[in-house]
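J.: just a sequence and a predicted model for now, questions to come.
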Amino acid sequence: MNKKGLLIVLSSPSGGGKTAILQEIIRRRPKYLYSISSTTRPPRGYEVNGKDYNFISEAEFQRKIETNEFIEWAEVHGFLYGTDRPVIEEWLRQGQFVLLDLDVKGGSAIMRQYPDNSVAIFIDPPSIETLRLRLTRRGSESEAEIERRLARLPMEMKMSKIYPHHVINDDFKLTVQAVLAIIDSVGHRKG
């Protein structure tokens with residue numbers, strides 16, 4: 001009998017904290033694998049190609065769309081992001097638990113394609129003001145970019161209603177504990 005893994009989707013608005021939460025989960029559960037998305041976005045100063053993202057050209061991204069190499073892909077904030085199908089499907093066959101950092105459209109695609117092998121958790125912000133403050137403190141976007149990211153908030157919150165699990169990120173330690181409890185509960189039922 002083939003082992004089947006679990007795709008663990010974390011989504012949130014920009015500044016919601018999903019990347020920091022995923023990093024802490026990986027620290028606590030080093031056997032979990034992290035799916036590195038491909039993107040046409042240029043790297044931020046601290047990001048490393050092949051570790052944070054696979055930074056590829058728009059032409060390469062389009063080729064991968066045409067050859068069905070993405071499980072999901074979307075345009076977000078003017079750039080393309082996608083999850084590589086061959087890697088994910090191999091990890092599932094191996095029975096791995098795989099962490100995915102996706103926007104709500106990508107999360108929706110994963111839930112549709114892998115209903116028996118996925119858990120989707122939406123990280124809710126405590127407030128719009130908190131999101132704005134987190135984005136400003138990050139220091140990697142201009143004020144116009146921050147406004148563009150916040151303009152997606154109504155759509156993201158509306159689409160988040162399809163997520164079976166929600167955690168409000170107002171206390172980082174408690175948020176990570178809550179996310180791990182959801183993963184453990186679903187992983188136990190599906191494993």
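T.: Structure's in. What do you need?
J.: CA only for contacts and neighbour counts going forward, please
T.: Noted.
J.: quick one, what contacts the most centrally placed residue in the chain?
T.: The residue lying closest to the centre of the chain (Cα atoms, centre = their mean) is residue 101, at 1.4 Å. Going by Cα atoms under 8 Å, 6 or more residues apart in numbering, residue 101 touches 9-11, 18-19, 22, 35.
J.: and the helix ranked longest in the chain, what does it pack against?
T.: When the chain is parsed with DSSP state H, its longest helix is helix 172-190. Judged by 3 or more Cα pairs under 8 Å, 6 or more residues apart in numbering; DSSP states H and E, helix 172-190 is in contact with strand 6-11, helix 18-28, strand 118-124, strand 165-168.
J.: save the ones you listed as TSV, and put in distance to residue 135 and mean neighbour count too.
T.: Shown next, in TSV, are the helices and strands packed on helix 172-190 (distance: least, Cα to Cα, whole Å; neighbours: other Cα atoms under 10 Å):
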stretch	distance to residue 135	mean neighbour count
strand 6-11	16	27
helix 18-28	13	16
strand 118-124	15	24
strand 165-168	17	17
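J.: closest to residue 139 out of the ones you listed?
T.: With Cα to Cα as the criterion, residue 139 lies closest to helix 18-28 of those, at 15.5 Å.
J.: mind listing what the helix or strand just after that closest one pairs with, with the direction of each?
T.: Sequence-wise, the next helix or strand downstream of helix 18-28 (DSSP states H and E) is strand 33-34. Next to strand 33-34 in the sheet, as set by DSSP bridges, lie strand 97-101 (parallel).
J.: now the partner strand and helix 172-190, what's the angle there?
T.: Counting by axes from the mean of the first three to the mean of the last three Cα atoms, to 10 degrees, strand 97-101 points 130 degrees away from the direction of helix 172-190.
J.: could you give the angle of strand 97-101 to helix 18-28?
T.: Going by the same axes, to 10 degrees, strand 97-101 makes 160 degrees with helix 18-28.
J.: now the next helix or strand after strand 97-101: buried residues?
T.: Counting by DSSP H and E, the next helix or strand C-terminal to strand 97-101 is helix 104-113. By neighbour count with 16 or more other Cα atoms under 10 Å, helix 104-113 contains the buried residues 104-108, 110-111.
J.: counting contacts, what elements does helix 104-113 pack onto?
T.: Partner elements for helix 104-113 (3+ Cα pairs under 8 Å, 6+ apart): strand 6-11, strand 70-76, strand 118-124, helix 153-159.
J.: what's near enough to touch the nearest residue to residue 167 once chain neighbours are set aside?
T.: Leaving aside its sequence neighbours, residue 167 sits nearest to residue 123 (Cα to Cα, 6 or more residues apart in numbering; 5.1 Å). Taking Cα under 8 Å, 6+ apart, we find residue 123 in contact with 10-13, 16-18, 166-169.
J.: need these in JSON lines with pLDDT and distance to residue 146, can you?
T.: What follows is those, written out as JSON lines (pLDDT from 0 to 100; distance: Cα to Cα, whole Å):
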{"residue": "10", "pLDDT": "97", "distance to residue 146": "21"}
{"residue": "11", "pLDDT": "95", "distance to residue 146": "18"}
{"residue": "12", "pLDDT": "92", "distance to residue 146": "15"}
{"residue": "13", "pLDDT": "89", "distance to residue 146": "11"}
{"residue": "16", "pLDDT": "87", "distance to residue 146": "13"}
{"residue": "17", "pLDDT": "88", "distance to residue 146": "15"}
{"residue": "18", "pLDDT": "90", "distance to residue 146": "17"}
{"residue": "166", "pLDDT": "97", "distance to residue 146": "24"}
{"residue": "167", "pLDDT": "97", "distance to residue 146": "23"}
{"residue": "168", "pLDDT": "95", "distance to residue 146": "21"}
{"residue": "169", "pLDDT": "94", "distance to residue 146": "19"}
